[in-house]
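>>> build me a structure from this.
(chains A and B)
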Amino acid sequence: NAGVTQTPKFQVLKTGQSMTLQCAQDMNHEYMSWYRQDPGMGLRLIHYSVGAGITDQGEVPNGYNVSRSTTEDFPLRLLSAAPSQTSVYFCATTGGTGAVGELFFGEGSRLTVL
Amino acid sequence: AQKITQTQPGMFVQEKEAVTLDCTYDTSDPSYGLFWYKQPSSGEMIFLIYQGSYDQQNATEGRYSLNFQKARKSANLVISASQLGDSAMYFCAMRERGNDMRFGAGTRLTVKP
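Here you go, the predicted model:
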């Protein structure tokens, strides 16, 4: 059971470079989301999607783009990386609706922007 | 606005003792879910326990229980008989109708031998 797969696990970028964090799930869940984790701030929601073709902003969307062309994939794009985007990124999915159902997380991607 | 508050940045507990990790939340939605996650030093997020706002009884999962006080809007995690492997970051989270889950800042628990 792969569950939620994130790539790459580690990445170092220079300021201004672009990159895409990949997320794929094989759980057939409609809902997918991206979080960033910073020390002392917990996990903060960047973007989420409730199904293919539908995306919406979370708490901290600036500097990030997403798209959802398939149920399985939800890539996160950094168009012009900044040092403030140095963080650990988690992709998550759930099959629950409303207030029910835990999130299943990928293993995380550690990004450093120099 | 921060909806989940964990006031204990760090906690220590002696092995085999019980420990309570605090969590308060804020919502006006009558339907919500409360979750606790564990994050060991390896970094993965591990789901521990869930409590629904309409659940009459406190949730329990093995050594984990959730002390749910709805009127006080608190959802404290109780870990009984602490083990060295319980040393980790613990996050409280809430999910309202609308699917996205919001997290507290976390509590780092250290279990002493």
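>>> and the helices in chain A?
Read by DSSP state H, chain A holds no helices at all.
>>> which residues of it lie near chain B?
Where chain A comes near chain B, counting by C-beta under 8 Å from any C-beta of the partner chain, the residues are A:31, A:33, A:35, A:40-45, A:48, A:50, A:58-59, A:88, A:90, A:92, A:94, A:97-105, A:107-108. Backbone N, C-alpha and C define where each C-beta goes, glycine included.
>>> quick check on those: which are buried?
Among these, those scoring as buried are A:31, A:33, A:35, A:42-45, A:48, A:50, A:58, A:90, A:92, A:94, A:99, A:101-105, A:107-108 (criterion: 16 or more other C-beta atoms under 10 Å in any protein chain shown).
>>> let's see which of those end up in strands.
Judged by DSSP state E, those include A:31, A:33, A:35, A:43-45, A:48, A:50, A:90, A:92, A:94, A:104-105 as members of strands.
>>> count of residues packed around residue 17?
The chain I'm using is chain A. Other residues within reach of A:Gln17, judged by other C-beta atoms under 10 Å in any protein chain shown, total 14.
>>> could you do chain B instead?
Counted by other C-beta under 10 Å, the residues lying close to B:Glu17 total 13.
>>> just B:Ala88 next, same as before
19.
>>> quick check: it vs chain A, distance?
The gap separating B:Ala88 from chain A is 14 Å, by C-beta to the nearest C-beta, to the nearest Å.
>>> then B:Val78?
From B:Val78 across to chain A, the span is 19 Å (C-beta to the nearest C-beta).
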